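Engineer: sharing a model that was predicted from the sequence below.
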Amino acid sequence: MTKLVSIRIDDQTLAEARKLKINYSEVMRDSLKKEIDRRHEEDFLESLQKIHKLLKNVDRNQLLSDLRKDRDER
């Protein structure tokens, strides 16, 4: 299902787009999809940074020891 979305642009830009036979609907769809992907990637990287900060304070040897202990108990 699609929705109709409108944008406002100045007359000169619209005239140039028409003159160059630019499919501005397609350009806007592609642009919006790229921006969505960029924001998802940005959010993902922020999450990784938060995880990194949390794990920075974890004692690696203790973590490995706990993992081995848990594995051996199974």
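Structural biologist: Received the coordinates, thanks. Numbering: from 1, shown residues only.
Engineer: show me where the chain dips below the pLDDT cut-off.
Structural biologist: Along the chain, the model assigns pLDDT under 70 to no residue.
Engineer: helices along that one, start to end?
Structural biologist: 11-19, 24-56, 60-73 (DSSP state H).
Engineer: so which of the ones you listed comes closest to M1?
Structural biologist: helix 24-56 (14.5 Å; Cβ to Cβ). All C-beta atoms are positioned from the backbone trio N, CA, C, and that covers glycine.
Engineer: ok, back up a step: quick one: closest of the helices of the chain to L4.
Structural biologist: Nearest to L4, of all the helices of the chain, is helix 24-56, at 10.3 Å by Cβ to Cβ.
Engineer: what's the angle from that closest one to helix 11-19?
Structural biologist: If you take axes from the mean of the first three to the mean of the last three Cα atoms, to 10 degrees, helix 24-56 sits at 110 degrees to helix 11-19.
Engineer: how far away from the center of its chain is helix 24-56?
Structural biologist: Centre-to-centre, helix 24-56 and its host chain are 2 Å apart (Cα atoms, centre = their mean, to the nearest Å).
Engineer: nearest to K3, of the helices of the chain?
Structural biologist: helix 24-56 (11.5 Å).
Engineer: got the angle between the closest one and helix 60-73?
Structural biologist: Angle, helix 24-56 to helix 60-73, by the same axes, to 10 degrees: 90 degrees.
Engineer: just to revisit the earlier point, turn the helices of the chain into a markdown table, including distance to M1.
Structural biologist: Output for those, formatted as a markdown table (distance: least, Cβ to Cβ, whole Å):
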| stretch | distance to M1 |
| --- | --- |
| helix 11-19 | 27 |
| helix 24-56 | 14 |
| helix 60-73 | 47 |
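Engineer: could the ones you listed be laid out in JSON lines, adding mean neighbour count and distance to L4?
Structural biologist: Converted to JSON lines, the helices of the chain look like this (neighbours: other Cβ atoms under 10 Å; distance: least, Cβ to Cβ, whole Å):
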{"stretch": "helix 11-19", "mean neighbour count": "10", "distance to L4": "17"}
{"stretch": "helix 24-56", "mean neighbour count": "10", "distance to L4": "10"}
{"stretch": "helix 60-73", "mean neighbour count": "9", "distance to L4": "53"}
